[in-house]
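> predicted model and sequence follow; I will ask about them next.
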Amino acid sequence: MKPQAYLNAFQVLSPAGRGLDALSAALHGGPCPGFGPGPEFAAGGASHPVGRIPFEVRGPERIAREHASRNNRLAYDAVAGLLPDLERLKSRYGASRIAVVVGTSTSGILEAEPAFEALARTGTLAPEYRYEQQEIGSPAVFLSAQLGLGGPALVVSTACSSSARALATARRLLRLDACDAVLCGGVDTLCRFTLHGFGALGALSDARCNPFSRNRKGIHIGEAAAFCLVSADEGPVRLAGCGEASDAYNVSAPLPGGEGAEAAMRAALADAGPGEIGYLNLHGTATAQNDAMEALATARVFPGGLPCSSTKPVTGHTLGAAGALEAAICWDLLCGRASTAGLPANLSDGQDDPALPAIGLLKAPLKVGGLKRAMSNSFGFGGSNVSLVLERV
C-alpha cells in the first residue's frame, strides 16, 4: 500500500499579515494591510496595485552572499514557524531523510535588477551581486543548507502552478521512499521584471482584481510564502488527490474551453477516490481568459455547482507561491475554520459575468460544519494545470 501524505503543519506570510489567522480575517472582510499602490514597480508608465508583505522580513542572522535574496529571506521567515516540528522530524528520521521541495518563479530576480542597472551606468556589476542569487534552484539549496537537511532538495518552477506541483512532488518522493518527510511550499516576491512582464501582456488590473465579474480587468500581483511539513505521520489533513495535466496550447494562454483544467480536476478526483468536495478554491485570476475557461471546466466537472471562490482579491496573484498559499487556505478550513469563520466569499463587485456558467460562487462567507474535502486549482503559463484534493482526517 502506498504511504499517505499528511500535511502536518502550515505557516504562511501574505499581504494580509503573518499567519493563517491574519489571512482568514482578511478573507472574511477584515483589513489587508499589504494591499496598495506599487509605484516602484510601475509597468508601461502606469502604477498598478500590489499585495506586499506588510512587515519586515526576518531572515537568518547569517546568510551566504550567494543566497542573500529577499525571496530566500521570506522563505526562511515562513519556515521559522515550523522549526520545532522540523527538529522532531530530524530526531526521528535523521536529516538525510528529509527533503526540501519549493515552488517559485522569481527566485532572486529582485537582486539582479539594481545590479544590472549599475552595469548599464558604470559598465560594472554591483559588487554585492552574485549570479547564484537569481538561480531558480536557490531557495531549496538555501533552505536545505541553512536547516542542515540532507535529503533531496529541488525547486519546481512551472509558473503559477509551481507550488501546487511542489506538493504533488512531495507526495511522490514519499511514495518512492526517497525520504520520510518533506519541507514543502512556495515563495515569490515582488520585482519589476514580473510586473513589467504581465504589463506587456496587458494582464494587469488598475484596481483590486475582480474574479468572475463582467467587469474584470486582470490580475494584481502579490508576494507570499507558504510552507508545510509533509510526512506519512498521521496529521490533521491528508493530501488525498493530485491531478496534473499539460495542455501545451499557448505559451501564456490556456485552452479556451478549459479542457486542460478539466483534465487536472478529474485526475485529482479520481486519485482521491469517492468523497464529496465541499469547497473549491478557484485559480480565479480575474483575467478574461482564465476565468472563462475555469468556469467552463468547473461546470462540466461539477454540473450541479458547489461552494467556490477565488481568494486572490485579498492575497493578489502570488505566482509561484499561489498553489501552496491556497492549499493552506483549504487546510485551515478543514482544520475547523469552515465552521467558525466560514468558507470565504468570492470578493468581487458582485456583477457576475452572464457569459459564464453558474458554478456556485459564494456571495458571502458560508459556515459549514464537518467540511471533509476541499479542492484547490492552480493553472500556469504553458498549460501547466494542477488540482489538489485535501481531506480532513
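Received it, and whenever you're ready, just let me know what you need. Just so you know, these numbers come straight off a predicted model, no measurement behind them.
> ok, which stretches of the stretch 101-250 of the chain are strands?
Under the criterion DSSP state E, counting those that start in this stretch, strands of the stretch 101-250 of the chain are mapped to 153-156, 181-188, 221-222, 224-231, 237-246.
> which strands and helices sit next to the first one?
Okay, so that is strand 153-156. strand 98-103, helix 138-146, helix 162-175 (3 or more Cβ pairs under 8 Å, 6 or more residues apart in numbering; DSSP states H and E). (Glycine included, C-beta is placed from N, CA and C.)
> now do the third one
Strand 221-222 makes packing contacts with strand 49-51, helix 192-200 when contacts are defined by 3+ Cβ pairs under 8 Å, 6+ apart.
> other SSEs contacting the helix or strand that the shortest one is followed by?
Read that as strand 49-51. Once strand 49-51 ends, the next helix or strand along the chain (criterion: DSSP states H and E) is helix 70-79. Contact here means 3+ Cβ pairs under 8 Å, 6+ apart; on that basis helix 70-79 packs against strand 6-14, helix 109-122, helix 138-146, strand 181-188, strand 224-231.
> take the ones you listed and lay them out in TSV including mean pLDDT and distance to Ala64.
As requested, the helices and strands packed on helix 70-79 are exported to TSV (pLDDT from 0 to 100; distance: least, Cβ to Cβ, whole Å):
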stretch	mean pLDDT	distance to Ala64
strand 6-14	97	22
helix 109-122	91	13
helix 138-146	97	8
strand 181-188	98	18
strand 224-231	98	19
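> point out the most buried one among the ones you listed.
Among the helices and strands packed on helix 70-79, the stretch with the highest mean neighbour count (mean count of other Cβ atoms under 10 Å) is strand 181-188, at a mean of 32.
> how about stretch 75-91: buried residues?
Buried residues in stretch 75-91, defined by neighbour count with 16 or more other Cβ atoms under 10 Å: Ala75, Tyr76, Asp77, Ala78, Val79, Ala80, Gly81, Leu82, Asp85, Leu86, Leu89, Lys90.
> next one: stretch 232-241 to chain centre, how far?
The chain centre lies 19 Å from the centre of stretch 232-241; the measure is Cα atoms, centre = their mean, to the nearest Å.
> next one: stretch 276-289
The answer for stretch 276-289 is 13 Å, by Cα atoms, centre = their mean.
> next one: stretch 372-390
Per Cα atoms, centre = their mean, the centroid offset for stretch 372-390 relative to its chain is 10 Å.
> quick check: mean pLDDT across that stretch?
Here stretch 372-390 scores 96 as its mean pLDDT.
> please save the CA atoms from it in CSV.
The C-alpha trace of stretch 372-390 is given here as CSV (Å, rounded to 0.1, in the frame of the first residue of the first chain):
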residue,chain,number,x,y,z
LYS,A,372,-14.4,16.8,4.8
ARG,A,373,-12.8,17.6,1.5
ALA,A,374,-11.7,20.7,-0.4
MET,A,375,-10.1,21.2,-3.8
SER,A,376,-7.6,23.8,-4.9
ASN,A,377,-6.9,24.7,-8.6
SER,A,378,-3.6,26.2,-9.9
PHE,A,379,-3.1,26.9,-13.6
GLY,A,380,0.1,28.2,-15.0
PHE,A,381,1.6,29.5,-18.2
GLY,A,382,2.1,27.0,-21.0
GLY,A,383,-0.9,25.0,-19.8
SER,A,384,0.6,23.6,-16.6
ASN,A,385,-2.5,22.6,-14.7
VAL,A,386,-2.7,21.2,-11.2
SER,A,387,-5.6,20.4,-8.9
LEU,A,388,-5.2,19.2,-5.4
VAL,A,389,-7.8,17.4,-3.1
LEU,A,390,-7.2,17.9,0.6
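> I'd like the helices and strands packed on helix 70-79 written out as a markdown table, with distance to Met265 added.
As requested, these are exported to a markdown table (distance: least, Cβ to Cβ, whole Å):
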| stretch | distance to Met265 |
| --- | --- |
| strand 6-14 | 20 |
| helix 109-122 | 31 |
| helix 138-146 | 28 |
| strand 181-188 | 20 |
| strand 224-231 | 21 |
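> tell me which of the ones you listed lies nearest to Gly278.
Distance to Gly278, taken as Cβ to Cβ, is lowest for strand 6-14 among the helices and strands packed on helix 70-79, at 17.0 Å.
> which ones are touching the closest residue to Ala46 other than its chain neighbours?
What sits nearest to Ala46 in space, not counting adjacent residues and going by Cβ to Cβ, 6 or more residues apart in numbering, is Asp206, at 6.9 Å. Residues near Asp206 by Cβ atoms under 8 Å, 6 or more residues apart in numbering: Ala46, His48, Pro49, Lys217.
> could you report the distance from the first one to Val389?
This means Ala46. As judged by Cβ to Cβ, to the nearest Å, Ala46 and Val389 stand 39 Å apart.
> what residues does stretch 208-220 touch?
Under Cβ under 8 Å, 6+ apart, the answer for stretch 208-220 is 35, 48-51, 198, 202-207, 282, 284-288, 291, 295, 310, 312-313, 316-317, 346-356, 361.
> in the chain, which residue is closest to the centre?
By Cα atoms, centre = their mean, the chain has its centre lying nearest to Ala322, at 1.7 Å.
> which parts of stretch 264-274 are buried?
Ala264, Met265, Arg266, Ala267, Ala268, Leu269, Asp271, Ala272.
> so what touches it?
Taking Cβ under 8 Å, 6+ apart as the rule, stretch 264-274 contacts 240-245, 277, 297-298, 301, 373, 375, 377, 379, 385-389, 391.
> just the ones of those residues in helices?
Using DSSP state H, Ala297, Thr298, Val301 are the members of the contacts of stretch 264-274 that sit in helices.
> leaving out sequence neighbours, find the closest residue to the second one.
If I follow you right, that is Thr298. In space, Thr298 comes closest to Ile359 once its chain neighbours are excluded; the distance is 4.6 Å by Cβ to Cβ, 6+ apart.
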